[in-house]
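Peer 1: got a predicted model here, sequence first, then my questions.
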Amino acid sequence: MEISTGIAEYNTTYNLNAVDDYNKFLKNNMSFQFDDDIKTDFEVALDNAAKSNPIKDKNDPTGLGNFAGMIGASVTNSLNAVNAAKIEANRMQEDIAMGGPTSIHDAMIAAEKATLSMEMAIQVRNRILSAYTDITNMGI
């Protein structure tokens, strides 16, 4: 393929055959096809991690159910901690309102801890939902 500038003073011809030759080479080259028999570095790393840290249950030999159960237990414990912080903040506020020995300073700190832990739980939930949405929208 040759392209001319069309300008009389610069009547130079550019040879673009090298680009066509390179494209033909790429079409005939098999370097862009993946060999299914050879594992990628990521697959090897996952296999090594699974062998060194097996998570298995006698009812679930693959270990996935146990892993999901551990994530569920972690989320449950976190939500229980958020709830406990809110209950403690409410108890301290009631104690102040009834003239109890709780200081306003401690009650305000407990209320801020409860608020921050709730906001963090909401952000974690949002991130989990975002990750789930991204994973379900992935093309295979």
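Peer 2: Noted; the coordinates are in hand.

Peer 1: low-confidence ranges in the chain?
Peer 2: 1-40, 42, 46, 49-68, 140 (pLDDT under 70).

Peer 1: one more time with 90, if that's ok
Peer 2: Along the chain, segments meeting pLDDT under 90 span 1-79, 125, 128-129, 131-132, 135-140.

Peer 1: in the chain, which spans are helices?
Peer 2: Secondary structure of the chain by DSSP state H: the helices cover 17-28, 41-52, 64-97, 104-136.

Peer 1: how about these in CSV, adding mean neighbour count?
Peer 2: Where C-beta positions appear, they are placed from N, C-alpha and C, glycine not excepted. Compiled in CSV, the helices of the chain are given as follows (neighbours: other Cβ atoms under 10 Å):
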stretch, mean neighbour count
helix 17-28, 9
helix 41-52, 10
helix 64-97, 14
helix 104-136, 13
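
Peer 1: ok, residue 134 to residue 41 distance?
Peer 2: 23 Å (Cβ to Cβ, to the nearest Å).

Peer 1: is residue 110 in contact with residue 87, as I believe?
Peer 2: No - with contact defined as Cβ atoms under 8 Å, residue 110 does not reach residue 87; the gap is 10.0 Å.
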